[in-house]
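Novice: Below is the sequence, then the predicted model.
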Amino acid sequence: MSSVFRAIWDNTYGLLVDDGQLAIGAILALALTWVIAHSGTDVLSENAGWVLLALVLALVFANLYRAGRNARRRAG
Amino acid sequence: MDFTTLAIAATPSFLASAVEFVEATTIVLAVGITRGWRAPLVGTALATLTLAVIVATLGVALVTVVPEHLLLGIVGTLLLLFGLRWLRKAVLRFAGIVAVHDEEEIYRREVAELRAQGLRRNRWDWIGMIVAYKAVLLEGTEVAFIVIAFGAKGVGAMNAAILGAIAAGIIVIALASALRAPLTAVPENWMKFGVGAMLSSFGIFWFGEGVGAAWPGDAASIPVILGSFLLASWIAVRMLGGLLPQGARVEARNV
């Protein structure tokens, strides 16, 4: 039965931090967006959502690029 | 809420749940066909009950206790984290870096393992029940979180999210029961990719609303955000395809 609980824990943990760097990066992007929305200029605050989108897209690209580089190194 | 609005609201939860139900059904089928149906069906029912309790307690607590702007922030964060995880995995699968989910292979492996465990007649099949319970609970946990996240905007949204998940469950189980075989024809990676992009888009939109950002046209911005994710993913698949030699892609797919 302990293996069941371990598997449940692993799965729940994996939901949020399956790829630790991506999850941490996303949380940092969210935090930065919150800061911009609350302390930036009016124009910046109103466009905080687009800033978040740009940050997340950059993060996804960087993460996938790193995964691709790692796969190429393993293949080579 | 009219039928069309309900159907639109239930779609994200329906698609996300369908993917997870396909994975859970493969395991339950393997147990049922190998060891008989009573124990796995009881395991499935118990896991469904556990998930219903999770959705009811966490969902109601979120909707009733947490202030709206904070709720949007929490839900946006959850959706973004789930969505990015699914999107990343789907892109890596399309690019050949991670093996594509193979229901047929999973089914064969599960049947072999269950046969190796042996079965005594006239005894309650604890192994069959626990394997089914575990599979449904693990795959269902993601469904439960997604239902909570999509339903957290209010009672109407929660009903739509729950209905979407139930409809997905009924359709997948009915198909699997009719075929008596794993649902290999379901384009799982495409669905995961679409749902990942959708969850990420909703996550960004709701988090933005939560922190007071102005979206031009309000919800009309969601298709623009979704389009950005789809375009970025397509570029990423092309970029990764260029990074890997052809042989490495084939090898990765055979894992």
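Specialist: It's in. Residues are numbered from 1 along each chain as shown, chains lettered A, B, ... in the order given.
Novice: Tell me if I'm right that B:Leu84 and A:Leu22 touch.
Specialist: Yes: here B:Leu84 reaches A:Leu22: they are 5.8 Å apart, a contact under Cβ atoms under 8 Å. In short, each C-beta sits where N, CA and C put it, glycine included.
Novice: shared neighbours, the two?
Specialist: A:Val60 (Cβ atoms under 8 Å, 6 or more residues apart in numbering or on different chains).
Novice: number of nearby residues for the residue in chain A that chain B sits nearest to?
Specialist: Residue of chain A nearest chain B, by Cβ to the nearest Cβ: A:Gly49 (2.9 Å). Neighbour count for A:Gly49, taken as other Cβ atoms under 10 Å in any protein chain shown: 26.
Novice: Go ahead and confirm it touches B:Gly208.
Specialist: Yes: taking contacts as Cβ under 8 Å, A:Gly49 lies within contact range of B:Gly208: 2.9 Å.
Novice: Overlap of the contact sets of those two?
Specialist: Common neighbours of A:Gly49 and B:Gly208 (Cβ under 8 Å, 6+ apart) are A:33, B:215.
Novice: surely B:Phe202 meets B:Ser221?
Specialist: No: applying Cβ under 8 Å as the test, B:Phe202 and B:Ser221 come out as separate, 11.1 Å apart.
Novice: The one helix or strand B:Ile74 maps to - contacts with which helices or strands?
Specialist: Using DSSP states H and E, B:Ile74 falls within helix B:68-94. Applying 3 or more Cβ pairs under 8 Å, 6 or more residues apart in numbering or on different chains; DSSP states H and E, we find helix B:68-94 packed against helix A:2-17, helix A:20-39, helix A:48-75, helix B:38-65, helix B:126-151, helix B:188-210, helix B:221-243.
Novice: for it, which positions count as buried?
Specialist: Applying a neighbour-count criterion of 16 or more other Cβ atoms under 10 Å in any protein chain shown, one finds B:71-94 buried in helix B:68-94.
Novice: continuing past it, what's the next helix or strand?
Specialist: Moving toward the C-terminus from helix B:68-94, the next helix or strand (DSSP H and E) is helix B:103-117.
Novice: That following helix near chain A anywhere?
Specialist: No: Helix B:103-117 is not in contact with chain A by Cβ under 8 Å from any Cβ of the partner chain; minimum separation 13.6 Å.
Novice: circling back: can you pull the pLDDT of the residue of chain A closest to chain B?
Specialist: On the pLDDT scale, A:Gly49 is placed at 93.
Novice: Could you check the pLDDT of residue 67?
Specialist: Picking chain A for this. The model's pLDDT for A:Ala67 equals 85.
Novice: Correction: the question concerned chain B.
Specialist: Listed pLDDT for B:Pro67 reads 82.
Novice: Output the below-cut-off pLDDT ranges for chain A.
Specialist: A:1-19, A:76 (pLDDT under 70).
Novice: By proximity to chain A, which residue of chain B wins?
Specialist: For chain B, Cβ to the nearest Cβ, closest residue to chain A: B:Gly208, 2.9 Å.
Novice: just checking, that residue touches A:Val56?
Specialist: No: using Cβ under 8 Å, B:Gly208 is not in contact with A:Val56; the gap is 11.2 Å.
Novice: in chain A, which residue is closest to the centre?
Specialist: A:Ala26 (2.8 Å; Cα atoms, centre = their mean).
Novice: And A:Ala71, how close does it get to B:Leu243?
Specialist: 7 Å (Cβ to Cβ, to the nearest Å).
Novice: anything in contact with each of these two?
Specialist: Contacts common to A:Ala71 and B:Leu243, judged by Cβ under 8 Å, 6+ apart, are absent.
Novice: Flag every residue of the stretch 151-255 of chain B that's near chain A.
Specialist: B:200, B:204-205, B:207-209, B:211-215, B:221, B:225, B:228-229, B:232-233, B:235-236, B:239-240, B:243-245, B:247-248, B:251-252.
Novice: Generate a ChimeraX selection restricted to the buried subset of those.
Specialist: Those of those that count as buried under 16+ other Cβ under 10 Å are selected in ChimeraX with:
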select /B:200,204,205,207,208,209,211,213,215,221,225,228,229,232,233,236,240,243,244,248,252
